[in-house]
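Asker: got a sequence here, can you build the structure:
(one chain, ligands or ions: 1)
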Amino acid sequence: MRQTLLPDLVVDAHEARSGVGITVQCGRLAAVGPATAGERLPGRALAPGFVNDHSHAFQRGLRGAVERIEPSHPRDDFWTWRERMYALATELAPDSIREVSRRCYGEMLSAGYTGVTEFHYIHHRPDGTPYKDPNALAKAVALAAEDSGIRLLLLPVAYARGGLPRFQDPSAPAFLQRVDDLRGWSEGRPLVKVGVAAHSVRAVPRGWLQEIGSYARRDDLPLHIHADEQPREIEDCLAEYGLRPVELLAEAGFLGTHTTIIHATHADGKELDLLSQHGASVCACPTTEGNLGDGFLPAEEILKREIHLSIGSDSHVRVDPFEELREIETNARRLSGRRNVLVAENETAPTPWLLRAGWGHGGPKAGDLADLIEIDLTHPALADVEARNLPSALVFGAGSGVVAGTWVDGRKVYATGETDR
Ligand SMILES: [Zn+2]
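Answerer: I've put the predicted structure just below:
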């Protein structure tokens, strides 16, 4: 089916244009350009959907529950939060992980995310023995994405040591066999793709990193890992290897254009140089990093090196792509004492760089996936905003409440008022 949508405005990273139609066919954008005939969307702007590049859907279950001091931990920090998260992770079974994930993905769609990268590390029964189907929990997460209608990049995560027994696989080959099986299962599921990940240099030793890195390189798979989130992780890595986390990843052959480093909060200049040299990406999760007291993204250094950036809602303390983007620039302003800090070369505003981080590209064009959001131009947050200022108003003055509809693969999967999909 071929369908042309005619909103009041079409938004890209630089501007919002009127008189433009978006033609959708077979899950792709067939055309983006001047149009007069089609389905009118009065009071609406169309923009690309945001990509949530880092999620642990089950952690949505912690919302509001961890924002107080526990008597056993008078000094609360990342590590005490992690104890609470482990307690939640202990309880989950295939049905309950599917349910919490479905709700989380429904919230993402309502907030304007059309795709999610799920960093999935709860694999086995609580005592560590595999389920009858060793990928039962990963499949439950994939089914949750299909239930909700969101596009999913599912990353089974290697975990060799520490954490809970149910996170761990006995060896890298055993883990990669599960990844192979999951990839086979996902074929023919149009919304689901499978990549691969290692949890962190804390949880995965050098030998595993080498094997997983070469597996991802061989099959050109997306490859993710948490790195440089907390100072202690760096101290431990230096003590074990004499290298900082990204240095270890470079040495282990883990870095390439298909690699994404989650957080990089405490990455130093040399580590960022390595990411740049290898064409690797960084995924920032500002609302979670703020909530956990991790620190600030070295955003200016990332921009300067032209390292590709994406965003993730990670622990889902907040699910709002506009807020993630705003936090990146606002933190950069707080740190530098300046305004309009994250301005890419040949540009005059931070908005285009931030929106490219949120969308993965600069605006809708023919050939793209038909993953779109409808923006309510009558929303109080956008009243009296001139069309030319709309992209910046979205980043600096709006929240997920302006999203009136969400399209994935050319299908409308969320409309305002439908909160429990
Ligand atoms: Zn994470």
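Asker: and the worst-scoring helix or strand of the chain on mean pLDDT, what's buried?
Answerer: Sorted by mean pLDDT, DSSP states H and E, the helices and strands of the chain end with helix 78-91, the least confident at a mean of 90. By neighbour count on 16 or more other CB atoms under 10 Å, the buried set for helix 78-91 is 78, 80-81, 84-85, 88-89. Yep, even glycine has a C-beta here, placed from its N, CA and C like the rest.
Asker: what does stretch 242-259 give?
Answerer: 243-250, 252-255, 258-259.
Asker: and if you look at stretch 377-391?
Answerer: For stretch 377-391, by 16+ other CB under 10 Å, it's 377, 379, 382, 385, 387, 389-391.
Asker: residue 55 versus the nearest residue to residue 152 once chain neighbours are set aside, what's the distance?
Answerer: Distances taken as CB to CB, 6 or more residues apart in numbering put residue 145 closest to residue 152, at 3.8 Å, once the chain neighbours are dropped. Counting by CB to CB, to the nearest Å, the gap from residue 145 to residue 55 is 10 Å.
Asker: what's the answer for residue 264, then?
Answerer: Taking CB to CB, one finds residue 264 at 17 Å from residue 55.
Asker: closest one to residue 49 out of the buried residues of stretch 377-391, please.
Answerer: Residue 49 lies nearest to residue 391 out of those, by CB to CB, at 15.1 Å.
Asker: run through the residues that contact the residue most central in space within the chain.
Answerer: In the chain, the residue lying closest to the centroid (CA atoms, centre = their mean) is residue 53, at 1.8 Å. Contact partners of residue 53, counting by CB atoms under 8 Å, 6 or more residues apart in numbering, are 117, 260, 283, 310-312.
Asker: ok, residue 377 next?
Answerer: Contacts of residue 377 by CB under 8 Å, 6+ apart are 8-9, 43-45.
Asker: can you list which of the residues you listed are found in strands?
Answerer: Under the assignment DSSP state E, the contacts of residue 377 contribute 8-9, 43-45 to strands.
Asker: could you pull out the strands in the stretch 251-400 of the chain for me?
Answerer: Here the stretch 251-400 of the chain has its strands, by DSSP state E, counting those that start in this stretch, at 259-263, 281-284, 309-311, 372-376.
Asker: was I right about the residue nearest to residue 152 contacting residue 114?
Answerer: No. With contact defined as CB atoms under 8 Å, residue 145 does not count as touching residue 114 (11.4 Å).
Asker: so what sits against both of the two?
Answerer: residue 151.
Asker: residues making contact with stretch 350-358?
Answerer: 12-14, 50-51, 284, 303, 309-311, 321, 324-326, 328-329, 340-344, 347, 362, 391-392, 394-396.
Asker: now it: buried residues?
Answerer: 350-358.
Asker: dump these into a markdown table; add distance to residue 228 and pLDDT as well.
Answerer: Shown next, in a markdown table, are those (distance: CB to CB, whole Å; pLDDT from 0 to 100):
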| residue | distance to residue 228 | pLDDT |
| --- | --- | --- |
| 350 | 23 | 98 |
| 351 | 27 | 98 |
| 352 | 26 | 98 |
| 353 | 21 | 98 |
| 354 | 21 | 98 |
| 355 | 25 | 98 |
| 356 | 23 | 98 |
| 357 | 18 | 98 |
| 358 | 22 | 98 |
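Asker: touching stretch 140-148 from outside, list them.
Answerer: Contacts of stretch 140-148 (CB under 8 Å, 6+ apart): 57, 94-95, 97-99, 101-102, 105-106, 108-109, 116, 118, 120, 151-152, 154, 186, 189, 191-192, 413, 421.
Asker: repeat that for 7 Å
Answerer: Contacts made with stretch 140-148 from outside it, assessed by CB atoms under 7 Å, 6 or more residues apart in numbering, are listed as 57, 94, 97-98, 101-102, 105-106, 109, 116, 118, 120, 152, 154, 186, 189, 191-192, 421.
Asker: mind listing which of these are in strands?
Answerer: Going by DSSP E, the strands hold 116, 118, 120, 152, 154, 192 from those.
Asker: name the spans of the chain whose pLDDT lies under the cut-off.
Answerer: For the chain, the stretches flagged by pLDDT under 70 are 417-421.
Asker: against residue 33, how distant is the closest residue in space to residue 370 that isn't next to it in sequence?
Answerer: Excluding its sequence neighbours, the residue lying closest to residue 370 (CB to CB, 6+ apart) is residue 410, at 3.7 Å. Remark: distance between residue 410 and residue 33 (CB to CB) = 18 Å.
Asker: between these two, which one's more packed in?
Answerer: Taking other CB atoms under 10 Å, residue 410 and residue 33 do not tie; residue 410 has more neighbours (19 against 13).
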